[in-house]
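[1] Quick one, structure for this:
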Amino acid sequence: MDRKAFVEQAVEQKKERILSVSDQIFEFAETGFHEFQTVSLYEKVLREEGFEVTTGLAGMPTAFRAVYGEGKPVVGFLAEYDALPELSQKGGCPVRMAAEGDNPDGHGCGHNLLGAGAMAAAMAVKAYLEEHPGKGTVVLFGCPSEEKGNGKTLMARDGVFDCLDVAFSWHPGDKNCAMTCSTLANVSVFFRFKGVTSHAAASPEQGRSALDAAELMSVGVNYLREHIIPEARIHYAYRDVGGIAPNVVQGHSCVHYFVRAPKSWQVQEIYKRVIDVAEGAAKMTGTEMTYELYAGLSDYIPNHVLTGVLHEAMETIGAPEFDEADFELARKFFYESASPEELEAKKADLRKRYGAERMEEILEKPLDQWIAPLTWNGELLSGSTDVGDASYVVPTAQLNMATATLGTASHTWQMTAHGNTEIAHKAMLAAGKAMALAGIRMLEEPELVKKAREEWMEETGGVYECPIPAGIGPRLEE
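    Numbering: from 1, shown residues only. Take a look at the predicted model:
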C-alpha cells in the first residue's frame, strides 16, 4: 500500500471519532485558558487511542502533549481549540442566530476543526508507526489560548517544543494552500497613569490629570507613526478613563496598546519608543506612569523545505470533494449572510483572486475546489499568530484548507456557522490527511528533516528571544 492509500485508510477508519471530537468542541466553545471540557475530551480520546498524554504544560492546565513511538525523527502537530467571545452561532445557519444555551462564545476561527484535524494527522502517523516500530515519534501538542493569551509563546519559552525535529499545523479558512507568507510579531501592553484628583472648577491647579496623560500619550504616538516603518501597526483602546464626572480631575487612567511589526526585533525597537512617549506624557502632566506587558508573540517563519513537502502532500491528497448539497449551502452563505455592500466587496476580492473569466463558475459553486500553486513572493499577513514562536524553536510549516464558503472572514459569526457542517468536515479531514502524509515522509526521509533544520538554523541562528519575559505566566483567570 502506498503512502496516500495508507493515510486515507487510516484517517477514514477514525473518521467518526474525529468528527465527533470536532463537533463536541464546537458545542463547548471555551475561550482561552478555560478549555477544560475540551482538553478532558482530548485526553480521554487520545489515551484510548494509545497515546501517552501529559497535561499542565508551561503552567497551563489546558496545554497537553500526546506521544507515541520512540527515537528520531520526532514529528509534531500543533492543535488549537479556543473559541472567541460573543460569537455564538447555530451551525449551518446562514442568518445570525445564537446557538441554543447561554454560552455567548463561538468558534469564529474554526479552532474546533483545527485541533481535530491535527489529531487526525497524529492518529494516522501513529498507525504508520505501529506498522514500522522504531521509525520515530509522533507528538500532538494541545496549545491553548491562541486568540488572547499566546499559549505557544509560553510553551516555546519554557522549552516544551524542544523535543521536536519538525512541526506541522493548519488553519481553517476559505482557500486551499500551503502557507508561504509570514505574519506580524507583536506585544500587548497596558500603560497606567496615576494622578491627583481635585475639583475641576474650584481647584484645578491642585489636580494632576491621569486622563490628560493618556490623551497626550495618544497624541505622541500619533506623531511617532510617521517615523516608523510603514509595515508596522500601533493601535490602542482606553481601558480606564478615570471616571464619568467631568467636574473631577481624573486621578487614574489606563490605555491598552498593541505594537506590531514584521520582525520581533522591530517590535522591540518601536515598543521602547512608545514607552518613551508614555514617560513624556507623564512628565508633561505631573503624573506617574507604569506599564505592564500583557502578552506578545513572534513573527512566523515559514520553512521552505517543510512547506514544499506539505504542498506536495496537499496535491497528492487533493482538495476537499464537495457535492451539490455543499454547494447549495455555500450559495446560501454567500448570498444571504452579507449586506449588498459586503456582497460586492466579496465579489471584487474573488475577481482579483481567480480572474474575471472564472467568476460565473465561482459564483455558482462558491467553494474552493483547487490546491493553489506554491508561490514564494514575500507576502506578509497583517495578522499575528503564536505559531510564529513555535517556528523560532522548531522548523514549522502550515496549510490552509477551505472549511468555509469563499469570502468568509475569520472571527465572524459566519465562520462559526460553518464549523460543524459537511463542508467543514470534509476540509478538516483533507487537512489531516495532508499533514499526516507530510509527517510520514519526514519519518521515511530523514534527510529532509536535516535540510529543514539547516534552513531553520540559517534563518534564526538557533536563537529565540521570547517576547514574554520569564516570570510572566499565563493569565488563567481572565
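
[2] tell me which residues of stretch 196-213 are tucked away?
    Of the residues in stretch 196-213, Thr197, Ser198, Gly207, Arg208, Ser209, Ala210, Leu211, Asp212, Ala213 count as buried by neighbour count, 16 or more other Cβ atoms under 10 Å. The way it works is simple: take the backbone N, C-alpha and C, and place the C-beta from them, glycine included.

[3] and the two most separated of the residues you listed?
    Ser198 and Ala213 (14.8 Å; Cβ to Cβ).

[4] Narrow the buried residues of stretch 196-213 to those in helices?
    Residues of those located in helices (DSSP state H): Ala210, Leu211, Asp212, Ala213.

[5] count of neighbours near the nearest residue to Gly407 once chain neighbours are set aside?
    Spatially, and ignoring its direct neighbours in sequence, Gly407 is nearest to Lys346 (3.5 Å; Cβ to Cβ, 6 or more residues apart in numbering). The number of residues packed near Lys346 is 21, by other Cβ atoms under 10 Å.

[6] need the buried residues of stretch 196-213 in JSON lines with distance to Val277, can you?
    Formatted as JSON lines, these follow (distance: Cβ to Cβ, whole Å):
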{"residue": "Thr197", "distance to Val277": "24"}
{"residue": "Ser198", "distance to Val277": "25"}
{"residue": "Gly207", "distance to Val277": "22"}
{"residue": "Arg208", "distance to Val277": "18"}
{"residue": "Ser209", "distance to Val277": "17"}
{"residue": "Ala210", "distance to Val277": "16"}
{"residue": "Leu211", "distance to Val277": "16"}
{"residue": "Asp212", "distance to Val277": "14"}
{"residue": "Ala213", "distance to Val277": "11"}
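
[7] In the stretch 201-350 of the chain, mark out all the helices, start to finish.
    210-224, 264-285, 304-317, 324-336, 340-354 (DSSP state H, counting those that start in this stretch).

[8] and the longest one with helix 210-224, angle?
    It stands for helix 264-285. 140 degrees (axes from the mean of the first three to the mean of the last three Cα atoms, to 10 degrees).

[9] Tell me where the model's unsure across the chain.
    Regions of the chain meeting the criterion pLDDT under 70 are absent.

[10] For it, which residue occupies the most central location?
    Closest residue to the average C-alpha location of the chain: Thr385 at 4.6 Å, with Cα atoms, centre = their mean.

[11] right, and it touches Glu146 too?
    Yes. Shown here, Thr385 and Glu146 form a contact pair, counting by Cβ atoms under 8 Å, at 6.8 Å.

[12] a strand runs through the residue nearest to the centre of the chain, doesn't it?
    No. Counting by DSSP: H, G, I helix; E, B strand; the rest coil, one finds Thr385 to be coil, located in no strand.

[13] Show the contacting residues for it.
    Shown in contact with Thr385 (Cβ atoms under 8 Å, 6 or more residues apart in numbering): Glu146, Thr183, Leu297, Tyr300.

[14] and it, how far is that from Asn150?
    Thr385 sits at a distance of 9 Å from Asn150 (criterion: Cβ to Cβ, to the nearest Å).

[15] List the residues that contact Lys346.
    By Cβ under 8 Å, 6+ apart, the contact list for Lys346 reads Phe334, Ala338, Leu406, Gly407.

[16] How about the contacts made by Asn176?
    By Cβ under 8 Å, 6+ apart, the contact set of Asn176 is 314, 319-320, 368, 370-372, 399-402, 427, 430.

[17] nope, Val259 is what I meant
    By Cβ under 8 Å, 6+ apart, the contact list for Val259 reads Asn186, Val187, Val189, Ala232, Arg233, Ile234, Val267, Ile270, Tyr271, Val274.

[18] how about 6 Å then?
    Contacts of Val259 were listed using Cβ atoms under 6 Å, 6 or more residues apart in numbering, and they are Val187, Ile234, Val267, Ile270, Tyr271.

[19] Can you tell me which of those residues is closest to Arg351?
    Using Cβ to Cβ, the contacts of Val259 come closest to Arg351 at Ile234, 32.4 Å.

[20] The closest one: neighbour count?
    Residues near Ile234, counting by other Cβ under 10 Å, number 19.

[21] For it, give its distance to Met428.
    Counting by Cβ to Cβ, the separation of Ile234 from Met428 is 36 Å.

[22] repeat for Phe77
    From Phe77 across to Met428, the span is 13 Å (Cβ to Cβ).

[23] most neighbours, which of the contacts of Val259?
    The residue in the contacts of Val259 with the most neighbours, by other Cβ under 10 Å, is Val267 (25 neighbours).

[24] Which residues are in contact with it?
    Val267 sits next to Ala185, Val187, Val259, Ala261 when contact means Cβ under 6 Å, 6+ apart.

[25] circling back: out of the contacts of Lys346, give me the two with the largest separation.
    Going by Cβ to Cβ, the two entries of these that are most distant from one another are Ala338 and Leu406, at 11.6 Å.

[26] So which of those two has more stuff around it?
    Comparing Ala338 with Leu406 by other Cβ under 10 Å, the one with more neighbours is Leu406, at 23 against 18.

[27] Would you list the phi and psi of the more buried one?
    Dihedral pair for Leu406: phi -50, psi 140, per degrees, to the nearest 10.

[28] any idea where the helices of the stretch 1-150 of the chain begin and end?
    Under DSSP H, counting those that start in this stretch, the stretch 1-150 of the chain gives helices at 3-13, 15-28, 36-48, 111-131.

[29] residues in contact with the last one?
    To tie it back to what came earlier, the one meant is helix 111-131. By Cβ under 6 Å, 6+ apart, helix 111-131 touches 7, 10-11, 14, 18, 21-22, 25-26, 68-69, 77, 79-82, 135, 138, 140, 170, 172, 403, 419, 424, 428, 431-432, 435-436, 439-440.

[30] on that earlier part again, next one: the residue nearest to the centre of the chain relative to Ala356, how far apart?
    Distance from Thr385 to Ala356, counting by Cβ to Cβ: 32 Å.

[31] Which parts of the stretch 151-300 of the chain are strands?
    All strands of the stretch 151-300 of the chain, identified by DSSP state E, counting those that start in this stretch, fall at 166-173, 177-178, 185-194, 233-240, 252-261, 288-297.

[32] Of those, which stretch is the most buried?
    Greatest average neighbour count among the strands of the stretch 151-300 of the chain goes to strand 166-173 (a mean of 26), per mean count of other Cβ atoms under 10 Å.

[33] just the angle between that one and helix 304-317, please?
    Using the same axes, to 10 degrees: strand 166-173 against helix 304-317 is 60 degrees.

[34] Now do Glu48: how many residues are near it, please.
    When neighbours are counted by other Cβ under 10 Å, Glu48 registers 9.
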